[in-house]
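> Would you be able to build a 3D model of this:
(4 chains)
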2 protein chains.
Amino acid sequence: MRSRPPTIKDVAEQAGCGIATVSRVLNGTGSASADTRRKVLSAADALGFEFSALGRSLQSSSTKTIGCIVPSLANPVFAEVVQAAQQEAHREGYQLILACSEYDETQELQAARTLISKQVDGLVLTVNNASDSEALELIRARQLPCCLVYNRASFGLPAWAVDNRAAAREVAQAFHDQGHVQTGFLALRFHRSDRSRERYEGFAAACREFGMADPLLLEIEEQDGNLLELLGTLLAEHQALTGIFASNDFLALAAMKAARALGKRIPDDLSLVGFDGISTGLLVDPHLATVETDPRTMGQGAVQSVLARLLDRPTPELPSAAATFSFRTGGSLGPPVRGKADGREAATSLPSHE
Amino acid sequence: MRSRPPTIKDVAEQAGCGIATVSRVLNGTGSASADTRRKVLSAADALGFEFSALGRSLQSSSTKTIGCIVPSLANPVFAEVVQAAQQEAHREGYQLILACSEYDETQELQAARTLISKQVDGLVLTVNNASDSEALELIRARQLPCCLVYNRASFGLPAWAVDNRAAAREVAQAFHDQGHVQTGFLALRFHRSDRSRERYEGFAAACREFGMADPLLLEIEEQDGNLLELLGTLLAEHQALTGIFASNDFLALAAMKAARALGKRIPDDLSLVGFDGISTGLLVDPHLATVETDPRTMGQGAVQSVLARLLDRPTPELPSAAATFSFRTGGSLGPPVRGKADGREAATSLPSHE
DNA sequence: TTCAATCTTGGAAACGTTTCCAAGATTGAG
DNA sequence: CTCAATCTTGGAAACGTTTCCAAGATTGAA
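As a prediction, the model looks like this:
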């Protein structure tokens, strides 16, 4: 009938000893006679006692807790990051507190504040704009152990990031190798993500390098609901494009669907390349060409970096820039084919894709 | 240079007043002269003071924190549940602590223990087996506000669940309507999920009801890696089946891919129906027929239920069983067609699907 | 049997809050 | 100007731990 959970004091009383003794016995620190040990153990068991992490944290000033901020869990990339981070933290006896910023800087800052006030021991996060984030500034001011994920290193913080520019260059190269000239870059919330911008910039620079036309920037502001419609309109407006690089796989897949609704063949009429390498890309036909990244390694690594600072361990080695991604070819990328539905011969005359 | 974050005591000292006053001013509770208020405010600002949720929780015995346990974030259904739960909690000033059980009862219990010791105010969770879960027993013993998600109500706990049996019955009906007799039920970790079992039982019962053959239970134990191979083998062994109901969409999509690798046409040679209604099912061709559920509503509702108990609000109404799912038809479900690649006429002689 | 060394034990302080309470300061009415 | 009512303020206790320290109990060797 007691609603209040039992405390160490209750155990001490029941066992007929002092709270210090209970603490020592239950934590296996310090000495105790066999008799007392037995009494304490059975009292704790009878009461169903569990230490309150609160009291413990207050006194040790360590919560065994790591804060994690990501833009959204709707993107499987971040879901994987979080899952891997959670596992790694758990492996070391740490808990993860999750917050999603919804790609909103205000919520991002808000989340950082809350996590800090919850006294998290460290933070792992993906911010919208690493080079200009109030949240990061706050964290740095507090000198909290922290590691970025998918953001480029910034504010002197370690970062498990993808080399977006180098990856985008490989995409441009792939388009160029297939003979594309007129390409576009498709982004969902362009101004809200530094990743997206880096990919675009890298892509644009590489297109120039390879002598292709400047890629057309195709921005979409809105959310899911009418996404397919918007994409349809956008694609219809830009029939000249033979290839599109999307800032993430979901967008690429949606574009694939929208293009087909317009009667376009993939890749003959339109080639598509995504970013992230989510598994869904391998379920569609043809497979989505994309830049594969490794969210699990990122999430795990970021937690390791934070823990290293926390526990005075050697800092884990960050992957070399080139090892942060790998271009994955797929049937969605092929040579552009002139002519509408009768371009079969032209298609077969070129090297078969994949 | 101070590494220790400033406490209320520091602010009091700087402002030249007592800590009680600081507390009152900063919390806007109790009175204070305009002068003191100003001094406290500027001192707090200068020090960059933030309350420690720890001390506060210890004294108020409320952490403004809700624990959340799901099997995995790899399944977008749970990712959505978590995301929605997180948003709803946040809306009410609560934080979410996340734990994944990896479909493992030991980790499930472990997670519950940790969250309890972290003094979460409530819990939202999906367990592997609601009718027999040590974690749930622990929670019930502690009388912690708690709500199940995707599990059937159990232990007297509220639950935002899908009526798996009724949903499975609709699937059986759909198969029957299309003329299927020999069907199979495909599950990934059958013994590890009560949802999967309920779906199978409901499906089997309904098949009998509709005069179809008992569905064949196709179990897979292993994880991703070789999933496609395993599915291929399984499908090759059971050529007689004309339709398969998979316990979730990912499995259904993987089966679709494996079936195609075997040269089967979907749905002519094999019809497929999934469960969950993830958006990926609409990206493939043909669309995946499935049972749609609403993870966001579930996650949000569960948090509301917990908060209702926490804040003495009226309990939110649980959805009626029938409203927990809706059958979504799709091209992956059609009438079975006799004969291998030359069964076109037979196909067109039957009502065209969807 | 005795004394020193060791083992066992519990009181008390500290961690950062909130809140009760009493005391001192201020106000206003008569 | 006086007294009561009100406002403002800070000390202290409480929340649940851990850990320091000193005191009492036990052990073993001479």
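
> Nearest residue to A:Ala255 in space, please, no chain neighbours.
A:Leu231 (5.5 Å; Cβ to Cβ, 6 or more residues apart in numbering or on different chains). C-beta here means a position set from N, CA and C on the backbone, and glycine is covered the same way.

> can you tell me if stretch A:290-297 touches chain B.
No - Stretch A:290-297 stays clear of chain B (Cβ under 8 Å from any Cβ of the partner chain), getting no nearer than 9.9 Å.

> Can you give the distance from that stretch to the centre of its chain?
Offset of stretch A:290-297 from its chain centre (Cα atoms, centre = their mean, to the nearest Å): 9 Å.

> pLDDT on it, on average?
Averaging pLDDT along stretch A:290-297 gives 97.

> Give me the distance between the two termini of it.
End-to-end distance of stretch A:290-297 (Cα to Cα, to the nearest Å): 18 Å.

> Quick check: which element contains A:Ala46?
helix A:34-47 (DSSP states H and E).

> Which elements pack onto the next helix or strand after that helix?
Downstream of helix A:34-47, the first helix or strand assigned by DSSP H and E is helix A:53-60. Judged by 3 or more Cβ pairs under 8 Å, 6 or more residues apart in numbering or on different chains; DSSP states H and E, helix A:53-60 is in contact with helix B:53-60.

> Flag every buried residue along the helix it packs on.
B:53-54, B:56-58 (16 or more other Cβ atoms under 10 Å in any protein chain shown).

> any idea of the angle the next helix or strand after it forms with helix B:53-60?
Remark: after helix B:53-60, the chain's next helix or strand is strand B:65-70, criterion DSSP H and E. Taking axes from the mean of the first three to the mean of the last three Cα atoms, to 10 degrees, one finds strand B:65-70 and helix B:53-60 inclined to each other by 110 degrees.

> What residues sit buried inside stretch A:282-301?
So for stretch A:282-301, counting by 16+ other Cβ under 10 Å, buried means A:282-284, A:286-301.

> How about stretch A:70-78?
Applying 16+ other Cβ under 10 Å to stretch A:70-78 flags A:70-71, A:73-78 as buried.

> ditto for stretch A:327-339
A:327-328, A:330-337.

> circling back to that earlier point, wait, the residue nearest to A:Ala255 sits on A:Ala252?
No - A:Leu231 is beyond contact range of A:Ala252, at 10.4 Å (criterion: Cβ atoms under 8 Å).

> who in chain A is up against DNA strand D?
By Cβ under 7 Å from any atom of the strand, the part of chain A that sits against DNA strand D consists of A:4-5, A:7-9, A:19-20, A:23-24, A:26-27, A:29, A:49-52, A:54-56, A:58-60.

> do that again at 6 Å, thanks
A:7-9, A:19-20, A:23-24, A:27, A:29, A:51-52, A:55-56, A:58-60 (Cβ under 6 Å from any atom of the strand).

> So is stretch A:121-129 next to chain B?
No - figure legend: stretch A:121-129 not in contact with chain B (Cβ under 8 Å from any Cβ); closest approach 11.8 Å.

> show me where chain A has strands.
A:65-70, A:95-100, A:122-125, A:146-149, A:159-160, A:183-187, A:216-219, A:243-246, A:271-276, A:289-292, A:326-328 (DSSP state E).

> Which positions in the stretch 51-200 of chain A make contact with DNA strand C?
A:58-59, A:61.

> what are the phi and psi angles of A:Ala74?
The phi and psi values for A:Ala74, taken as degrees, to the nearest 10, are phi -70, psi -30.

> I'd guessed it sits against B:Ala84; true?
No - A:Ala74 is not in contact with B:Ala84 according to Cβ under 8 Å; the separation is 10.2 Å.

> Where does pLDDT dip in the stretch 101-250 of chain A?
A:222-225 (pLDDT under 70).

> Please list the residues of it that sit near chain B.
Counting by Cβ under 8 Å from any Cβ, the stretch 101-250 of chain A sits next to chain B at A:102, A:113-119, A:141-143.

> which among those residues gets closest to A:Arg265?
A:Glu102 (36.4 Å; Cβ to Cβ).

> Apart from its neighbours in sequence, what residue is nearest the closest one?
In space, and not counting its chain neighbours, A:Glu102 is closest to A:Ser72: 6.1 Å by Cβ to Cβ, 6+ apart.

> Which pLDDT value does the model give the one you found?
95.

> Residue nearest the middle of chain A, spatially speaking?
A:Phe78 (3.4 Å; Cα atoms, centre = their mean).

> my guess is that one meets A:Pro71, correct?
Yes - judged on Cβ under 8 Å, A:Phe78 makes contact with A:Pro71 at a distance of 6.4 Å.

> Could you give the number of residues near A:Ile139?
24 (other Cβ atoms under 10 Å in any protein chain shown).

> Distance of it relative to A:Lys64?
19 Å (Cβ to Cβ, to the nearest Å).

> can you check A:Ala258 too?
Plainly put, A:Ala258 is 47 Å away from A:Lys64 if you go by Cβ to Cβ.

> So for the two, which sits in the more crowded spot?
The residue with more neighbours, out of A:Ala258 and A:Lys64, is A:Ala258; 21 against 18, by other Cβ under 10 Å.

> contacting residues for that one?
A:228, A:231-232, A:235 (Cβ atoms under 8 Å, 6 or more residues apart in numbering or on different chains).

> Quick check: the gap between it and A:Leu231.
Counting by Cβ to Cβ - A:Ala258 and A:Leu231 are separated by 4 Å.

> wait, what's in contact with the residue in the stretch 201-350 of chain A positioned nearest to DNA strand C?
Taking Cβ to the nearest atom of the strand, DNA strand C has its nearest neighbour within the stretch 201-350 of chain A at A:Leu310, 17.7 Å off. Counting by Cβ under 8 Å, 6+ apart, A:Leu310 touches A:121-122, A:145.

> Which residue ranges of the stretch 101-250 of chain A form helices?
Shown for the stretch 101-250 of chain A, the helices assigned by DSSP state H, counting those that start in this stretch span residues A:105-117, A:134-142, A:164-177, A:194-209, A:227-237, A:249-261.

> Go through the ones you listed and pick out the most buried.
helix A:249-261 (a mean of 23; mean count of other Cβ atoms under 10 Å in any protein chain shown).

> now the angle from it to helix A:194-209?
Going by the same axes, to 10 degrees, helix A:249-261 makes 60 degrees with helix A:194-209.

> still on that earlier bit, list residues touching both of A:Phe78 and A:Pro71?
A:Thr126.

> bridging residues for A:Gly122?
A:Ile66 (DSSP bridges).

> and the end-to-end length of stretch A:21-35?
End-to-end for stretch A:21-35, by Cα to Cα: 12 Å.

> check whether that stretch contacts chain B.
No - Stretch A:21-35 lies apart from chain B when judged by Cβ under 8 Å from any Cβ; the minimum separation is 12.2 Å.

> which residues make contact with that stretch from outside it?
Counting by Cβ under 8 Å, 6+ apart, A:8, A:11-12, A:15, A:36-37, A:40-41, A:43-44, A:49, A:51 sit against stretch A:21-35.
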